[in-house]
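Any chance you can model this:
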Amino acid sequence: MNDQVSSTPLPIARGLRCRCPRCGEGKLFQGFLSLRPRCEHCGLEFAFADAGDGPAVFVILIGGAIVVFAALMTEVVYQPPYWLHAALWLPLVLLVTLAPLRPIKGLMIALQYHHKAQEGRLEKRGGE
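Sure, this is the predicted structure:
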């Protein structure tokens, strides 16, 4: 049990650094969000990785909460004009959505690898 607890931060750190989930050395991405076919250091095939829309959902929910809270607090306290709201919150929306998207996707892929997550499959039972 102690080994399992000590190994948990390793895939998290590798994922957030956008590195290979197995060796932690090779780069995970070749573009902004497109995966490399394999790790250039250890040769791990990244075909297993399917983060889907998960990273985008997490980023939208967390970033949206931050921006909405900040906009509401600013409106209640200062009541600025609408053009100032646009000038403040449009850049913040871009910052809180685009900056964490890649590390969150890397994290989800690293956790997929660590927990050996696979697509669900139907198995036939012996009596049916």
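
Determine the longest helix present in this protein.
In the chain, taking DSSP state H as the definition, the longest helix is helix 82-114.

what's that one packed up against?
helix 9-16, helix 54-78 (3 or more Cβ pairs under 8 Å, 6 or more residues apart in numbering; DSSP states H and E). C-beta coordinates here come from the backbone N, C-alpha and C atoms, glycine included.

Residue 29 contacts residue 18, correct?
Yes - between residue 29 and residue 18 there is a contact under Cβ atoms under 8 Å: 5.8 Å.

what's the overlap in contacts for these two?
102, 106 (Cβ atoms under 8 Å, 6 or more residues apart in numbering).

Need the pLDDT of residue 117.
Model confidence at residue 117, given as pLDDT, is 88.

So it, which state does it fall into?
coil (DSSP: H, G, I helix; E, B strand; the rest coil).

Equivalent analysis for residue 40, please.
Going by three-state DSSP: residue 40 is coil.

Use 236 as the first number for this chain going forward.
In the new count, where the first residue is 236, that last one comes out as residue 275.

For it, which residues are in contact?
By Cβ under 8 Å, 6+ apart, the neighbours of residue 275 are 261-262.

Give me the distance between it and residue 293.
Going from residue 275 to residue 293 by Cβ to Cβ, to the nearest Å gives 28 Å.

Excluding covalently adjacent residues, which one is nearest to residue 277?
Spatial nearest neighbour of residue 277, excluding adjacent residues (Cβ to Cβ, 6 or more residues apart in numbering): residue 258 at 4.0 Å.
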